[in-house]
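Novice: any chance you can model this:
(one chain, ligands or ions: 2)
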Amino acid sequence: MAPFKTLDDLPGDARVLVRLDLNSPIEDGRPRDNRRFKRHAATVRELAERGHPVVCLAHQGRPGNDDFVSLERHADLLESHVGREVAFVADTHGVAAHEAIEATDPGEILLLENVRMADDELPEADPETKAETEFVRSLAPYFDAYVNDAYSAAHRAHASLVGFPRVLPAYAGRVMEAEYEANTAIATREFDGQVTMIIGGTKAIDVIDVMDALEGKVDRFLLGGVAGELFLRAAGHPVGHDLKWMDLFDEQWDRTHETVETLLSERGDEIELAVDLAYEDENGNRTEIDVDDVEEKTDAYLDIGSATVDAYGPVIRDSAAVFMKGALGVFEDEQFADGTVGVLETIADTDCFSVIGGGDTSRAIELYGLDEDDFSHVSIAGGAYIRALTGEPLPAVEELQRTA
Ligand SMILES: Nc1ncnc2c1ncn2[C@@H]1O[C@H](COP(=O)(O)OP(=O)(O)O)[C@@H](O)[C@H]1O
Ligand SMILES: O=C(OP(=O)(O)O)[C@H](O)COP(=O)(O)O
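Specialist: Ligands and ions are numbered 1, 2, ... in the order given. Prediction:
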């Protein structure tokens, strides 16, 4: 049984307020198209086709940052994915918003302004406090139901995420349902065989915490990226050279080395490290080196090498479930995409249960023409995925569960 009510439980005539996560990279004032629009569009379309008046809430950026912009252009992009008109009002909960909501007929869609422009949305607070804010109290009477589809923002206890479910009947949208099920599988499902976690990317502190928290849940870890180099450093290889424009290694090393050393000494048999790495030589070409031949910490390694991809292959093929977090190299540069793409291709070729997490990592799937359908789930969540893996509660999910 689902741990929360879903759209299948939603009364047919309900006027719905839907929380989406359309938070995206902004280029020239416009959101760059990405999976979040496509995924949420399916929920919005389903609600509109069922004849609900659909009013959407979403955030973009954080106050003070360059990407803290209006959602007007987001409405255009959402409209192109939904295939139905998406109206926009540049107001969160004032008179203009109220009028636009009242003018939204059954089957019509309205997007309100960036919720973080409402004074009460931030900061985080407990759900009772958020439910009593002017923002929640003034909007709630216009609706019969609240739908939370924003799994990727569910780690934030903001008004639009935890306040409304205290005052309106609350339901999980389709994205929320699918993300919850896939991302908690490591803790909630029994797999008939080996569970493997592939760890990479730049957020080494976060992913090393994940490894620590997943003791007993994962049989094998395959490492790459910055986290992988920190493990190699702990194993005595002088890698992890900070580039002039990127300080990724030394600071993260200071904060993680004790955990890394403990993981290696106590659970070393679960952990596979790269046997070779790739760097850019003086002619600008990819060159590979065995980690045993690295003598000095003078090169920036930008990918795992081909022998490592070959070594990781059988582990993946022998697995019943594979979870991936973080890229194994700087795949944005085609020369250094082999590790990430090679491993993704191996996963895609198996029929094991597979979850690919992290906004950047999952971008490699479309960048290199892989088919999303070859994976059980490609998550649109970053921080929330990490928290789900480490077993930390997600306040907005807890609110949906509480009311179920
Ligand atoms: N060895 C490396 N050095 C520098 N950057 C790396 C390395 N390996 C992977 N990356 C970078 O990691 C990024 C993805 O990591 P991260 O942001 O932690 O993951 P996500 O957004 O998927 O959660 C990619 O953009 C890639 O360029
Ligand atoms: O994009 C998001 O998080 P993510 O980058 O961890 O996936 C969410 O929209 C949360 O945004 P926030 O980290 O500004 O609260």
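Novice: distance check, the nearest residue to A388 once chain neighbours are set aside against ligand 2.
Specialist: Leaving out its chain neighbours, the residue that sits closest to A388 by Cβ to Cβ, 6 or more residues apart in numbering is N183, at 4.1 Å. Where you see a C-beta, it was placed from the backbone N, CA and C, and this is true even at glycine. N183 sits at a distance of 12 Å from ligand 2 (criterion: Cβ to the nearest ligand atom, to the nearest Å).
Novice: in the stretch 1-150 of the chain, which residue sits closest to ligand 1?
Specialist: P25 (11.1 Å; Cβ to the nearest ligand atom).
Novice: contacts only, for that residue.
Specialist: Counting by Cβ atoms under 8 Å, 6 or more residues apart in numbering, P25 makes contact with 31-32, 34, 67.
Novice: find the pair from those with maximum spatial separation.
Specialist: Farthest-apart pair in these is N34 and D67; separation 13.1 Å (Cβ to Cβ).
Novice: on that earlier part again, can I assume the residue nearest to A388 is in contact with R387?
Specialist: No: assessed by Cβ atoms under 8 Å, N183 is found out of contact with R387, at 9.0 Å.
Novice: and N34 and D67? which has more neighbours close in?
Specialist: The neighbour count for N34 versus D67, taken as other Cβ atoms under 10 Å, is higher for N34 (18 against 14).
Novice: is it true that that one touches L22?
Specialist: No: in this structure, N34 sits apart from L22 without contact. The criterion is Cβ under 8 Å, and the distance is 9.1 Å.
Novice: and the chain, which residues reach ligand 1?
Specialist: When proximity is defined by Cβ under 6 Å from any ligand atom, the chain lies next to ligand 1 at 200-203, 225-226, 248, 301-302, 326-327, 329-330, 332, 358-361, 382.
Novice: in helices only, show me the residues you listed.
Specialist: For the residues of the chain next to ligand 1, membership in helices holds for 225-226, 359-361, with DSSP state H as the criterion.
Novice: of these, buried ones?
Specialist: The neighbour-count test (16 or more other Cβ atoms under 10 Å) marks 225-226, 359, 361 as buried among those.
Novice: mind listing the helices for the stretch 301-404 of the chain?
Specialist: Counting by DSSP state H, counting those that start in this stretch, residue ranges of the helices within the stretch 301-404 of the chain are 306-317, 338-349, 359-367, 383-390, 395-403.
Novice: quick check: the residue in the stretch 51-200 of the chain that ligand 1 sits nearest to vs D119, distance?
Specialist: Of the stretch 51-200 of the chain, the residue with the smallest distance to ligand 1, taken as Cβ to the nearest ligand atom, is G200 at 5.6 Å. As for G200, its distance to D119 is 39 Å (criterion: Cβ to Cβ, to the nearest Å).
Novice: those two: who's more crowded?
Specialist: More neighbours surround G200 than the other of G200 and D119, with 30 against 12 (other Cβ under 10 Å).
Novice: wait, what's in contact with the residue in the stretch 301-404 of the chain that ligand 1 sits nearest to?
Specialist: Sorted by distance to ligand 1 under Cβ to the nearest ligand atom, the residues of the stretch 301-404 of the chain start with G358, at 2.3 Å. The neighbourhood of G358, defined by Cβ under 8 Å, 6+ apart, consists of 201, 324-327, 379, 382, 385.
Novice: by pLDDT, give me the weakest of the buried ones among the ones in helices among the residues of the chain next to ligand 1.
Specialist: By pLDDT, G359 ranks lowest within those, coming in at 79.
Novice: that residue contacts V378, correct?
Specialist: No: no contact is recorded between G359 and V378 when judged using Cβ under 8 Å, the distance being 10.4 Å.
Novice: could you list the low-pLDDT ranges of this structure?
Specialist: Using pLDDT under 70 as the threshold, the predicted model of the chain has low-confidence ranges 1-2.
Novice: residue nearest the centroid of it?
Specialist: A381 (1.6 Å; Cα atoms, centre = their mean).
Novice: now do the phi/psi pair for it.
Specialist: The phi/psi pair for A381 (degrees, to the nearest 10) reads phi -110, psi 140.
Novice: could you shift the numbering so residue one becomes 17, and keep it that way?
Specialist: Done: numbering now begins at 17, and the last item shifts to A397.
Novice: can you tell me how far it sits from D37?
Specialist: Here the distance between A397 and D37 works out to 8 Å (Cβ to Cβ).
Novice: need the residues touching each of the two.
Specialist: Between them, A397 and D37 share these contacting residues under Cβ under 8 Å, 6+ apart: 167-168.
Novice: so which residues on the stretch 167-316 of the chain come close to ligand 2?
Specialist: Checking the stretch 167-316 of the chain against ligand 2 by Cβ under 6 Å from any ligand atom, the hits are 168-169, 172.
Novice: closest one of those to E195?
Specialist: The shortest distance between E195 and any of those, using Cβ to Cβ, involves S168 and amounts to 7.2 Å.
Novice: that closest one against L36, yeah?
Specialist: No: the pair S168 and L36 fails to qualify as a contact (Cβ under 8 Å) at a distance of 9.7 Å.
Novice: and the helices in the stretch 167-316 of the chain?
Specialist: According to DSSP H, counting those that start in this stretch, the helices that the stretch 167-316 of the chain contains are 180-183, 190-199, 201-204, 220-229, 241-250, 266-283.
Novice: would you mind finding the most buried of these?
Specialist: Using mean count of other Cβ atoms under 10 Å, the stretch among these with the largest mean neighbour count is helix 241-250, at a mean of 26.
Novice: show me what that one is packed against.
Specialist: Contacts defined by 3 or more Cβ pairs under 8 Å, 6 or more residues apart in numbering; DSSP states H and E place helix 241-250 against strand 210-215, helix 220-229, helix 266-283.
Novice: make TSV out of the ones you listed and add distance to V178.
Specialist: TSV is the format used below for the helices and strands packed on helix 241-250 (distance: least, Cβ to Cβ, whole Å):
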stretch	distance to V178
strand 210-215	30
helix 220-229	23
helix 266-283	30
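Novice: looking at it, G407 is touching T204, isn't it?
Specialist: No: at 10.4 Å, G407 and T204 do not qualify as touching, with contact defined as Cβ under 8 Å.
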